[in-house]
Structures are given as structure tokens and as C-alpha cells.
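Asks: pasting the sequence and the predicted coordinates here, then a few questions.
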Amino acid sequence: ETGKATVNTASSSDLNKLVQFLKDNPATRLEIQGHTDNVGKPAGNIKLSQLRAASIVNYLVSNGIDKERLAAKGYGASMPIADNVTKEGKAQNRRVEMKVLE
């Protein structure tokens with residue numbers, strides 16, 4: 001959601017699959033990447049995206065994943081996957097992704 005960093009309960013099924021994957025693969029390390037649309041000031045978007053990534057890390061840790069295996073990184077609006085003109089494009093850019101580090 002715009003301006004929010006809370007975990008969306010609609011995505012909890014996907015997050016639970018990620019928890020299970022990490023439990024099944026204990027050597028895997030992830031970077032959790034937070035992203036925003038281009039609304040607002042760049043510094044605020046970096047902070048918001050960092051909070052989004054951190055909320056996912058917190059969810060994973062609360063479900064038994066070692067925090068040392070996770071890194072949270074906020075990218076703000078610097079890596080859009082859709083346009084930032086339409087409502088739909090902006091919604092796609094407000095996301096959290098993961099990158100396998102190891």
C-alpha cells in the first residue's frame with residue numbers, strides 16, 4: 001500500500017512458502033529488497049523501502065529463520081518494474097523482492 005511498510009496478510013501464504021524454503025535450505029542467505037513508486041521525496045522513499053524490507057525480515061525471523069541469513073535493503077524508487085504514471089504501474093512498483101546471496 002502507498003506509504004505503508006506492514007506485511008500484507010494476503011501475501012502471508014507466499015511468505016510461509018519462503019519460510020519453509022529457508023528451513024529446507026539452511027545455507028541459503030537472502031537480501032530482502034524494498035521498493036517504492038516515485039511519489040514523495042527520494043529520501044522518504046528510501047526510508048519507506050527499507051522499512052518494507054525490514055518488515056519482511058522481521059516476519060521471517062519471527063517464524064524461525066536466523067536473522068544472520070537475511071539482509072534488508074531499501075532501494076526507494078530507483079528500480080521500477082512498471083511505469084510510475086498510472087495507478088496500476090505505481091502499485092507494481094510498491095513491492096518487496098528477494099535476491100539469493102548464497
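Replies: Received it, and whenever you're ready, just let me know what you need.
Asks: when you work out contacts or count neighbours from here on, use the C-alpha atoms and nothing else.
Replies: Will do.
Asks: wait, Gly76 sits on Asp37?
Replies: Yes: assessed by Cα atoms under 8 Å, Gly76 is found in contact with Asp37 at 7.5 Å.
Asks: more neighbours, these two?
Replies: Shown here are Gly76 and Asp37; by other Cα atoms under 10 Å, Asp37 has more neighbours (28 against 25).
Asks: which outside residues touch stretch 93-102?
Replies: 1-2, 27-37, 52-53, 77, 80-82, 84 (Cα atoms under 8 Å, 6 or more residues apart in numbering).
Asks: element containing Leu15?
Replies: Taking DSSP states H and E as the criterion, Leu15 maps to helix 12-24.
Asks: who are the packing partners of the following helix or strand past that helix?
Replies: Downstream of helix 12-24, the first helix or strand assigned by DSSP H and E is strand 30-35. Helices and strands touching strand 30-35, by 3 or more Cα pairs under 8 Å, 6 or more residues apart in numbering; DSSP states H and E, are helix 42-62, strand 70-74, strand 95-100.
Asks: tell me the mean pLDDT for strand 30-35?
Replies: Mean per-residue pLDDT for strand 30-35: 98.
Asks: if we can go back for a sec, which neighbours do Gly76 and Asp37 have in common?
Replies: Overlap of the contact sets of Gly76 and Asp37 (by Cα under 8 Å, 6+ apart) consists of Asn45.
Asks: dump the residue contacts of Asp37.
Replies: By Cα under 8 Å, 6+ apart, the neighbours of Asp37 are 45, 76-77, 80, 84, 90-91, 93-94.
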